[in-house]
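J.: Take this sequence and fold it.
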Amino acid sequence: MSPSRSAQRSVRDVVFVDGVRTPFGKAGEKGIYAGTRADDLVVKCIRELMRRNPSLPADRIDEVAIAATTQTGDQGLTIGRTAALLAGLPRTVPGFAIDRMCAGAMTAVTTTASGIGFGAYDVVIAGGVEHMGNHPMGSGADPNPRFMSERLVDPAALNMGNTAENLHDRFPAITKDRTDAYAAASQAKLAQAYSRQQIQNDLVPVATMKPGQGWALHTADEPPRPGTTVEDLAELRTPFRAHGRVTAGNAAGLNDGATAAVLASAEAAAELGLPVKMRLVSYAFAGVEPEVMGIGPVPATEKALKNAGLAIEDIGLFEINEAFAVQVLSFLDHFGIADDDPRVNRYGGAIAVGHPLASSGVRLMNQLARQFQEDPSVRYGITTMCIGLGMGATVIWENPNHADFESSLQTTTEGAAA
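T.: Predicted coordinates:
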């Protein structure tokens, strides 16, 4: 018998190469994507990534991971694989579907990134889609009766708006006035980002056709309401609770859209001449009480910081998904960050731009990568979000434009080799 040999393996650095998304639309018959298929939105993103990165051979893509919360119809049939085929990638490129509700795309990124770090992949495409017009939240779901009969969770936990009202109950210092002020600021920051051309570069134009209306080309997000004031928001009704605090104005809407990103090992990126927009430092997921799911980003961030050996003071930029303003403010209060801290959601957030559930994680990454490019003084940033049924997700990234980036990359590589 031949002598046994041990396979040596080291953890590799994972980099964010590029990310794109469709413009986000309003869900429903009047929305821009009414009559458009969800998988076609994903295909647009994949094709745009390949167009923008001509030095990446299609046959070098090792995996396509696409998330969707409602995995049926045009969001079903193992959408990662079907989207890869529809986008014209070689048939040798595999794909899979993934679901972690709002953090679907974020989980697609961390799952495939882990494969890159382990050495199973060199280059991947990861993203998400949600066509909430075709698939309303919870459609086709059949919650197990034990949730109710055994009181495993409060029935209200299955309605995200109710969980946001519960957060207000838990943190009375977060008043409706504060959430409305935060929401109005989100609209203003997005409008300013649009005026500065900070959003458009990552948008994929999408042509749609509606009977009786003909073709239209969409190059901007549909949900934003620039010019929204606190006074406007104060007049909105509170649909989840009489005399409540959560409204359509201080929460993300129901939206359609898709995102996708290319990730690679640092070595593969260098070999193929691919850009490096961010380096993945650490990530974490955490569970919380489903009744207050919006608090999920807090333990997830604490966990990710601990894994990275960092403190909250080390974070120079925050991209927090704005499912609800109260959820963002509970995070900021926990870490002692002001409501108007300039490090937080510089381009505005989901309250303004929309939140097509499983796609939003990569939108956060796109915006953080753009801010890293604009601000080399920032070394670390995070993308974080709450997740239905009581979870949170956080990814910490490093800015390759920072002066200390190369030394940290070398230290990481040497540490893994050791």
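J.: my guess is residue 316 is in a helix, correct?
T.: No. According to DSSP: H, G, I helix; E, B strand; the rest coil, residue 316 belongs to no helix; its state is strand.
J.: How about the contacts made by it?
T.: Residues in contact with residue 316, defined by CB atoms under 8 Å, 6 or more residues apart in numbering, are 343, 375, 377-381, 399. All C-beta atoms are positioned from the backbone trio N, CA, C, and that covers glycine.
J.: And residue 286, by the same measure?
T.: Taking CB under 8 Å, 6+ apart, we find residue 286 in contact with 296, 299-300, 302-303, 391-393.
J.: what's the answer for residue 201, then?
T.: residue 370.
J.: Give me the distance between it and residue 276.
T.: Residue 201 is 17 Å from residue 276, where distance means CB to CB, to the nearest Å.
J.: swap in residue 165?
T.: 42 Å.
J.: Please apply the same query to residue 253.
T.: Where residue 276 is concerned, residue 253 sits at a distance of 34 Å (CB to CB).
J.: phi, psi of the nearest residue to residue 123 once chain neighbours are set aside?
T.: Of all residues not flanking residue 123 in the chain, residue 264 sits nearest, at 4.5 Å (CB to CB, 6 or more residues apart in numbering). Phi and psi for residue 264, reported as degrees, to the nearest 10, are phi -150, psi 160.
J.: how much space between residue 264 and residue 135?
T.: 31 Å.
J.: Put the buried members of the contacts of residue 316 into a ChimeraX selection.
T.: Per 16 or more other CB atoms under 10 Å, the buried members of those correspond to this ChimeraX selection:
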select :343,375,378,379,380,381,399
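J.: Which neighbouring elements make contact with the biggest helix by length in the chain?
T.: If you go by DSSP state H, the chain has its longest helix at helix 176-195. When contacts are defined as 3 or more CB pairs under 8 Å, 6 or more residues apart in numbering; DSSP states H and E, helix 176-195 sits against helix 230-234, helix 325-334, helix 350-353.
J.: Report the residue spans of this protein with pLDDT below the cut-off.
T.: 1-8, 407-418 (pLDDT under 70).
J.: And the strands in the stretch 101-250 of the chain?
T.: 123-131, 206-210, 214-218 (DSSP state E, counting those that start in this stretch).
J.: Would you mind finding the most buried of the ones you listed?
T.: strand 123-131 (a mean of 31; mean count of other CB atoms under 10 Å).
J.: For burial, what's the neighbour tally of residue 139?
T.: Residue 139 has 11 neighbouring residues, counting by other CB atoms under 10 Å.
J.: Excluding residues flanking it in the chain, which one is nearest it?
T.: Nearest to residue 139 is residue 70, by CB to CB, 6+ apart, at 6.1 Å.
J.: how many other residues sit next to that neighbour?
T.: Quick note: residue 70 (other CB under 10 Å) scores 23 neighbours.
J.: and it, which of the three is it?
T.: From three-state DSSP, the assignment for residue 70 is coil.
J.: Please apply the same query to residue 258.
T.: strand.
J.: Now do the contacts for the residue sitting nearest the centre point of the chain.
T.: Geometric centre of the chain, nearest residue: residue 361, 0.8 Å, by CA atoms, centre = their mean. Listed by CB under 8 Å, 6+ apart, the contact partners of residue 361 are 67, 102-109, 128, 259, 321, 383, 385, 393.
J.: Just name the most buried of the helices and strands packed on helix 176-195.
T.: Counting by mean count of other CB under 10 Å, the most buried of those turns out to be helix 350-353, with a mean of 30.
J.: CA atoms of that helix as PDB?
T.: What follows is helix 350-353, C-alpha atoms only, in PDB (Å, rounded to 0.1, in the frame of the first residue of the first chain):
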ATOM      1  CA  ALA A 350     -34.900  50.500   1.600                       C
ATOM      2  CA  ILE A 351     -37.600  52.900   3.000                       C
ATOM      3  CA  ALA A 352     -36.800  55.000  -0.100                       C
ATOM      4  CA  VAL A 353     -35.500  52.600  -2.700                       C
END
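J.: Residues contacting it, please?
T.: Here helix 350-353 has contacts from 24, 182-183, 186-187, 189-191, 199, 221, 223-225, 249-252, 321-323, 325, 360, 363, using CB under 8 Å, 6+ apart.
J.: Confirm the residue nearest to the centre of the chain sits in a strand?
T.: No. Secondary structure of residue 361 (three-state DSSP): helix, not part of a strand.
J.: I'd like to know how far it sits from residue 256.
T.: Taking CB to CB, one finds residue 361 at 16 Å from residue 256.
J.: One more: residue 226?
T.: 20 Å.
J.: These two - which one has more neighbours?
T.: residue 256 (30 against 13).
J.: Cross-check the contact I'm expecting between the more buried one and residue 25.
T.: Yes. Using CB atoms under 8 Å, residue 256 is in contact with residue 25, at 4.4 Å.
J.: hey, what's in contact with both of those two?
T.: 31-33, 133.
J.: would you list those in a markdown table and tack on secondary structure, neighbour count and distance to residue 11?
T.: Output for the shared contacts of residue 256 and residue 25, formatted as a markdown table (DSSP: H, G, I helix; E, B strand; the rest coil; neighbours: other CB atoms under 10 Å; distance: CB to CB, whole Å):
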| residue | secondary structure | neighbour count | distance to residue 11 |
| --- | --- | --- | --- |
| 31 | coil | 21 | 43 |
| 32 | coil | 22 | 42 |
| 33 | coil | 30 | 40 |
| 133 | coil | 23 | 41 |
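J.: Widest-spaced pair of these?
T.: Maximum pairwise distance among the shared contacts of residue 256 and residue 25 (CB to CB): 9.7 Å, between 32 and 133.
J.: Could you name every residue contacting both of those two?
T.: With CB under 8 Å, 6+ apart, residue 32 and residue 133 have common neighbours 25, 256.
J.: Just the endpoints, please. Distance across stretch 369-380?
T.: Using CA to CA, to the nearest Å, the end-to-end distance of stretch 369-380 comes out at 11 Å.
J.: Can you report how many residues neighbour the residue nearest to residue 204 when sequence neighbours are not counted?
T.: Nearest in space to residue 204, with sequence neighbours left out and distances taken as CB to CB, 6+ apart, is residue 48 at 4.4 Å. Using other CB under 10 Å, residue 48 has 21 neighbouring residues.
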